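> Provide a 3D model corresponding to the input given below.
(one chain, ligands or ions: 2)
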Amino acid sequence: MPKECRRKSSKDFGLSGTVFTEGSRLERRAAGKAPQICDDLVQRAAQITESSSARAPAVMDSPRVPQVTITPEGGGSSREMQQEDWDDAVDGTLRRKLSNSSISSTGSSLVESEDDILSDNESKSKGIITLEHLGDSGESKPWWKLKTVVHWPFSATQRRKLNWVQLAGHKGNFKAADEGNILKKFSENEKQCFEKLRDDVLLPFVPSFHGVVEKDGESFLHMTDLLSNFDLPNVMDCKMGVRTYLEEELVRARERPKQREDLYKKMVEVDSEGPTPQEHSQRGVTKPRYMQWRESMSSTNTLGFRIEGIKKSDGTCRTDFKKTRSKQDVVQEFKDFVGGNPDILKSYLSRLKEIQQALKTSEFFKQHEVIGSSLLFIHDHKSNAQVWIIDFGKTTVLPEGQTLNHDIPWQEGNREDGYLWGLQKLLDTLKSVSNEESFSSVTKETDCQ
Ligand SMILES: Nc1ncnc2c1ncn2[C@@H]1O[C@H](COP(=O)(O)OP(=O)(O)OP(=O)(O)O)[C@@H](O)[C@H]1O
Ligand SMILES: O=P(O)(O)O[C@@H]1[C@H](O)[C@H](O)[C@@H](OP(=O)(O)O)[C@H](OP(=O)(O)O)[C@H]1O
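Ligands and ions are numbered 1, 2, ... in the order given. Got it, this is the predicted structure:
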């Protein structure tokens, strides 16, 4: 989600943190975007580093996800997810462990968020929606302009109301555009990503970007509607990575802790025992605390991706995957999604392998922390099947010269996102679906419409 749309700016906040395990990270961050708090960080980091045992570079096969304690005083400590937690995560007791652990989250955004005053239902848009055009006045004169090309003569006959599927993200973020395209609320960050992707090997896997358009002072990213060539598409959104929030969000939470009632309510809705007693009494949780809880409840921490939503060709739409965590459950959802069609599964597998290959050679990918990005799976009854990389609202460039592996554990400060690790798990999941004996005997999917 482009924060710039909803918040004043997330770019105004520098990367910082309290947990450092290597001097080089510390230097890098000290030289980074938040010089005003560097001295403090250096001191705190030194204390923490002294007291913590050295952490050897690890591979993602023994997953360790640091769980970060945020206190109103601005102090912080981290607790890494251990093998026993990992096992627990799989058998379902991680939530209890986390609740009992030192995680107390008490901080969030520095600035007031528009969403803070909206209920979940008001702020989220998940499912089948009708996309409206901007300022659809019926006049034939141009109603928007491309910043670079000046005027776009978008005639009334080209305007259409679009029945569309938005499986994640915030309400009102998308508008209908000309045939085959959509508009997404402007994010400087996402725009820059799209521009850089023009010269990258990932280009064939992201929606085509046609520039920025403006209307009444509001800007939008004009891009290809990935659903437009499909007939009654089945769509699945999988959010990638082992972490779904930016390191800077942790920093914000420490600097100006903000208890959010909307997030508390969302947590209670899924699990009344989710919040700690303190969180219950204040009826609020911080954003990172909520995001970490979401990650641990779903398959984000354990598989490096999670299902956000599924819309099927029969018109049904589900976004109730907050507790879909085990590989078995995820396999079942995929199995149901592809409807027993081996051709679709094969196409998905081959496209995912292409994406994996491209990611491994992509300069863009090396140089960016990819947070909150999704893979969008789309297929229809004609066995057309595609996978696309979407949502670069929280994909942030690293300092010059720094690169990421994307498949080693995250420790605060290293900015690793676990994207490639998750992608491998996603591939394994799909392979499991195709290997299941029952699957091969299922006949081709028949859509319900
Ligand atoms: N180019 C596209 N073509 C078709 N559908 C799209 C496209 N981009 C996004 N969507 C749909 O909109 C949903 C939300 O997209 P996206 O993740 O980009 O929005 P967001 O508001 O940034 O989300 P979040 O707040 O979760 O980061 C996706 O799940 C998908 O259903
Ligand atoms: O999926 P849920 O449970 O509804 O939770 C939301 C989801 O994690 C979004 O990714 C996040 O937006 P960002 O990715 O843009 O941070 C949003 O934060 P927000 O409420 O601050 O917008 C969360 O509320």
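> how deep is Arg415 tucked in, by neighbour count?
By other Cβ atoms under 10 Å, 23 other residues sit near Arg415. To be clear about C-beta, it is placed using only N, CA and C from the backbone, and glycine gets the same treatment.
> just Ser383 next, same as before
Using other Cβ under 10 Å, Ser383 has 14 neighbouring residues.
> please apply the same query to Leu376.
21.
> could you do Gly340 as well?
Close neighbours of Gly340, defined as other Cβ under 10 Å, add up to 18.
> same check on Glu269?
Per other Cβ under 10 Å, the neighbour tally for Glu269 reads 11.
> check which helix or strand it maps to.
Glu269 is located in helix 261-270, with elements delineated by DSSP states H and E.
> next structured bit after that helix?
Per DSSP H and E, the first helix or strand lying C-terminal to helix 261-270 is helix 277-282.
> and the helix holding Glu269, anywhere near ligand 2?
Yes. Applying Cβ under 6 Å from any ligand atom, one finds helix 261-270 in contact with ligand 2 at Lys266.
> ok, that helix near ligand 1 or not?
No. Helix 261-270 is not in contact with ligand 1 by Cβ under 6 Å from any ligand atom; minimum separation 13.5 Å.
> buried residues in that helix?
Residues of helix 261-270 classed as buried by neighbour count (16 or more other Cβ atoms under 10 Å): 262-264, 266-268.
> and the pLDDT for Lys171?
Model confidence at Lys171, given as pLDDT, is 82.
> how about the one 10 residues further on?
At Asn181, the model reports a pLDDT of 94.
> number of nearby residues for it?
Neighbours of Asn181 under the rule other Cβ under 10 Å: 17.
> that one touches Leu221, doesn't it?
No. Between Asn181 and Leu221 there is no contact under Cβ atoms under 8 Å: 10.3 Å.
> returning to what we had before: name the helices or strands packed onto the helix holding Glu269?
helix 120-123, helix 287-297 (3 or more Cβ pairs under 8 Å, 6 or more residues apart in numbering; DSSP states H and E).
> does the next helix or strand after the shortest one reach ligand 1?
Sequence-wise, the next helix or strand beyond helix 120-123 is strand 127-131, with elements assigned using DSSP H and E. No. Judged by Cβ under 6 Å from any ligand atom, strand 127-131 makes no contact with ligand 1; its nearest approach is 9.2 Å.
> return the set of buried residues in strand 127-131.
So for strand 127-131, counting by 16+ other Cβ under 10 Å, buried means 129, 131.
> that strand pairs with which strands, and in what direction?
Within its sheet, strand 127-131 is paired with strand 162-166 (antiparallel), according to DSSP bridges.
> what residues does the strand it pairs with touch?
Strand 162-166 is contacted from outside by 125-131, 173-174, 176, 182, 225, 227, 233, 235, 311, 317, using Cβ atoms under 8 Å, 6 or more residues apart in numbering.
> so what secondary structure elements neighbour the biggest helix by length in the chain?
If you go by DSSP state H, the chain has its longest helix at helix 342-361. Packing partners of helix 342-361 (3+ Cβ pairs under 8 Å, 6+ apart): helix 327-338, strand 374-379, strand 385-390, helix 419-435, helix 437-441.
> and if we set it to 7 Å?
Helix 342-361 is packed against strand 385-390, helix 419-435, with contacts defined by 3 or more Cβ pairs under 7 Å, 6 or more residues apart in numbering; DSSP states H and E.
> that one vs strand 374-379, what angle?
Relative orientation of helix 342-361 and strand 374-379, computed by axes from the mean of the first three to the mean of the last three Cα atoms, to 10 degrees: 150 degrees.
> and the next element down the chain from helix 342-361?
Per DSSP H and E, the first helix or strand lying C-terminal to helix 342-361 is helix 363-366.
> need the residues of this protein near ligand 1, please.
Residues of the chain lying near ligand 1 (Cβ under 6 Å from any ligand atom): 1, 165-170, 173, 182, 207, 223-227, 235, 237, 372, 374, 376, 390-391, 393.
> lowest-pLDDT helix or strand in the protein?
helix 94-100 (a mean of 26; mean pLDDT, DSSP states H and E).
> now do the same contact list for Arg415.
Neighbouring residues of Arg415 by Cβ atoms under 7 Å, 6 or more residues apart in numbering: 247, 369, 398, 404.
> tally of neighbours for the first one?
If you count neighbours by other Cβ under 10 Å, Glu247 ends up with 22.
> quick check on the contacts of strand 162-166: which are buried?
Among those, the ones that count as buried by 16+ other Cβ under 10 Å are 125-126, 129, 131, 173-174, 176, 182, 225, 227, 233, 235, 311, 317.
> for the residues you listed, which one is nearest Lys431?
Of all the buried ones among the contacts of strand 162-166, Val235 has the smallest distance to Lys431: 21.6 Å, by Cβ to Cβ.
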